[in-house]
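K.L.:
Need coordinates for the following:
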Amino acid sequence: MPAFFDSLASFGESPALVDRASGVVIPYSGLLDVLRKHEPADSGKPTLLSGSPDLPTALRLLAVLAAGRVVAPLSPRLPATEVRRRGERISLRIEPGNAATILFTSGSSGTAKAVWHDLESHVRSAKAASSRIPLGPGCGWVLSLPFHHVSGLAILIRCLFSGAAVVFPDRNQPLIQQLNDPLASHASLVAVQLQRLVESKAQGASLQAVLCGGGPFSEPLVRCAINSGIPLHLTYGMTEAASQITTSQRLTHLQDLLHVGHALPGSEVALSATGEILVKSPSLARLILRGQREWLHPCDADGWFPTGDAGVFAPGGELVVLGRCDRMLISGGENIHPECIEQLLSGVEKIRRAVVVAVPDKKYGQRPAAFISGDVEVSTLREFLSASLESFAVPDHFYPWPDGVPADTEKIDYKYFEALAVGQIGGM
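P.N.:
Got it, this is the predicted structure:
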């Protein structure tokens, strides 16, 4: 059993896992006994784990790791054929005692790659995170994100490392109501969830920290969250780094550049000559599978990992993320970051979601086009964007949000939106 699990009993009778739907509370003193009952048979291959972020799934996941094996959490929405395909890709024999996770991430390209982390990488990430946002016995982190995303898995490891409780919400009740739980001291939210929390005007009195990441956040939303008294921390992280890379202190005011803070202890962040964000961290993945069977080391000879994201540094040294390098479009020689436009559009009243993609243009090479979920006049949008952007960055075309695509989905298939934009005739 990995040393990480041997240390859990030291937290005594403090609650480790709390399930609000069933009322089950598992204290640290009894957690290992429960995990032994869920230990899987050893097949010599990674355990594929498809399930909702609930207590039974968490116990199965932890039991695999406690047995010193490899677990690959998968989305329960994946079709059976894709589950089998991913299982075949990662079907390799692992040395006994090598507890690890394999997480699949698509990034903006849509092509899934497998990221292999030793358990120790997750533990190092948890230790660094706790130095920026304190966590310990008596605290409870609401599990609002799935385990097949590193942000959800990180909540589990972070709490067990610190002696805090993982609070599994009752899925029959709104998340906002769950955040009013007396044990809910911490929460991780994406932009859509933060928007709902702001709109509810019912922030939990027990909340000590709300960690937000997973994409761009609009300045109006961040301003409203700060003014509402939400203890907001913005973060930049990725699957390859076992979650957080940089995290801000609690934001008390909005600076000129909306930043995601400084690097966590032990990690370094730099920019390449082209503005790509580079990361050096002890929590970086051990291996990455990009093809069918070729596991590769993710870093260069000096230990730097190229993230594929573009960024700049604020005057105080905090990181400002501009967007994906592979989403950047060049229009008439000018660089345009779609995420910056999306961030502005998301701050417009009545707009639920915005996606900006590149479309071919005979004169300029590429031009931005925007898809909007919301009822707003195009002339109003052009005028609004013109007040903040250079004229070449204002989209030429505005299209309605496509049917069949949820506006609150966390992952966007940008290739799909690009295909729609190229096939569109006329605007809104």
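K.L.:
List phi and psi for P368.
P.N.:
Listed backbone geometry of P368 is phi -80, psi 140, with angles given as degrees, to the nearest 10.
K.L.:
To what extent is it buried, counted in neighbours?
P.N.:
By other Cβ atoms under 10 Å, 23 other residues sit near P368. Backbone N, C-alpha and C define where each C-beta goes, glycine included.
K.L.:
Do I have it right that it meets A354?
P.N.:
No: in this structure, P368 is not within contact of A354 by Cβ atoms under 8 Å, at 11.2 Å.
K.L.:
and L49, that one's in a helix?
P.N.:
No: L49 is assigned strand when assessed by DSSP: H, G, I helix; E, B strand; the rest coil, not a helix.
K.L.:
How about it, nearest residue that isn't a chain neighbour?
P.N.:
P73 (5.0 Å; Cβ to Cβ, 6 or more residues apart in numbering).
K.L.:
mind checking the SS state of the residue positioned nearest the centre of the chain?
P.N.:
Nearest to the mean C-alpha position of the chain, counting by Cα atoms, centre = their mean, stands G214 at 3.7 Å. Per three-state DSSP, the secondary structure class of G214 is coil.
K.L.:
so what's it scoring on pLDDT?
P.N.:
Reading off the confidence values, G214 has pLDDT 75.
K.L.:
ok, now how distant is it from L31?
P.N.:
In this structure, G214 and L31 are 28 Å apart, going by Cβ to Cβ, to the nearest Å.
K.L.:
Likewise for I351?
P.N.:
45 Å.
K.L.:
likewise P400?
P.N.:
Distance from P400 to L31, by Cβ to Cβ: 50 Å.
K.L.:
more neighbours, these two?
P.N.:
L31 (21 against 13).
K.L.:
Kindly spell out which helices and strands sit in contact with the host helix or strand of that one.
P.N.:
Using DSSP states H and E, L31 maps to helix 28-37. When contacts are defined as 3 or more Cβ pairs under 8 Å, 6 or more residues apart in numbering; DSSP states H and E, helix 28-37 sits against strand 15-19, helix 55-66.
K.L.:
so which of the ones you listed comes closest to L344?
P.N.:
helix 55-66 (37.9 Å; Cβ to Cβ).
K.L.:
Tell me which strands the following helix or strand past the closest one pairs with, and in which orientation.
P.N.:
Following helix 55-66 in sequence order, the next helix or strand is strand 70-74 (DSSP H and E). With DSSP bridges as the test, strand 70-74 is paired with strand 47-50 (parallel), strand 100-105 (parallel).
K.L.:
pLDDT below threshold where in this protein?
P.N.:
Low-confidence segments of the chain, defined by pLDDT under 70: 93-97, 106-111, 202-204, 291-293, 410, 424-428.
K.L.:
Quick check: can you list the domain ranges of it?
P.N.:
3-322, 328-423 (automatic domain parsing).
K.L.:
tell me the most buried of the ones you listed?
P.N.:
Counting by mean count of other Cβ atoms under 10 Å, domain 3-322 has the highest mean neighbour count of those, with a mean of 18.
K.L.:
tell me the secondary structure for Q244?
P.N.:
Strictly by three-state DSSP, Q244 counts as strand.
K.L.:
whoops, I mixed them up, R196
P.N.:
Classified using three-state DSSP, R196 is helix.
K.L.:
Who are the contact partners of it?
P.N.:
The contact partners of R196, taken as Cβ atoms under 8 Å, 6 or more residues apart in numbering, are L175, I176.
K.L.:
Assess the claim that the residue nearest to the centre of the chain and G152 are in contact.
P.N.:
No: the criterion here is Cβ under 8 Å, and G214 misses it with G152 at 10.6 Å.
K.L.:
Strands along the stretch 301-428 of the chain, start to end?
P.N.:
For the stretch 301-428 of the chain, the strands defined by DSSP state E, counting those that start in this stretch cover 305-313, 319-324, 329-331, 334-336, 351-361, 365-374, 397-400.
K.L.:
Just tell me which of those ends up closest to M1.
P.N.:
Nearest of those (Cβ to Cβ): strand 305-313, 30.1 Å.
K.L.:
Tell me who's in contact with Y236.
P.N.:
By Cβ under 8 Å, 6+ apart, the contact list for Y236 reads G213, Q244, I245, T246, T247, V260, G261, D309, L319, V321.
K.L.:
actually C340, not the one I typed
P.N.:
Applying Cβ under 8 Å, 6+ apart, the residues near C340 are P216, L322, G323, L389, A393.
K.L.:
Check Q178 too.
P.N.:
Going by Cβ under 8 Å, 6+ apart, Q178 touches R20, V142, S144, V167, P169, D170, A184.
K.L.:
again, 7 Å this time
P.N.:
By Cβ atoms under 7 Å, 6 or more residues apart in numbering, the residues touching Q178 are V142, P169, D170, A184.
K.L.:
Same question for F217.
P.N.:
By Cβ under 7 Å, 6+ apart, the contact set of F217 is A191, L234, L258.
K.L.:
now do R60
P.N.:
R60 neighbours (Cβ under 7 Å, 6+ apart): H38, L49.
K.L.:
Nearest to Q177, out of the contacts of F217: which one, please.
P.N.:
Each of the contacts of F217 was scored against Q177 by Cβ to Cβ, and A191 proved nearest at 19.8 Å.
K.L.:
Surely the closest one is in contact with V222?
P.N.:
No: checked against Cβ atoms under 7 Å, the pair A191 and V222 is beyond contact range at 9.7 Å.
K.L.:
where's S75 relative to L17, distance?
P.N.:
22 Å.
K.L.:
what does F313 give?
P.N.:
40 Å.
K.L.:
what's the answer for E219, then?
P.N.:
In terms of Cβ to Cβ, E219 sits 37 Å off from L17.
K.L.:
cool, L65 as well?
P.N.:
Taken as Cβ to Cβ, the span from L65 to L17 is 14 Å.
K.L.:
try A165
P.N.:
A165 is 7 Å from L17, by Cβ to Cβ.
K.L.:
so what's L74 bridging to?
P.N.:
Under the criterion used (DSSP bridges), L74 bridges to S50.
K.L.:
show me the contacts for it.
P.N.:
L74 touches L48, L49, S50, V83, R86, H148, counting by Cβ under 7 Å, 6+ apart.
K.L.:
Closest to T57 out of those residues?
P.N.:
L49 (6.8 Å).
K.L.:
My read is that that closest one contacts P76, right?
P.N.:
No: using Cβ under 7 Å, L49 is not in contact with P76; the gap is 9.8 Å.
K.L.:
quick revisit: please render the contacts of C340 as JSON lines that adds distance to G275 to the earlier fields.
P.N.:
Formatted as JSON lines, the contacts of C340 follow (distance: Cβ to Cβ, whole Å):
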{"residue": "P216", "distance to G275": "17"}
{"residue": "L322", "distance to G275": "8"}
{"residue": "G323", "distance to G275": "11"}
{"residue": "L389", "distance to G275": "18"}
{"residue": "A393", "distance to G275": "16"}
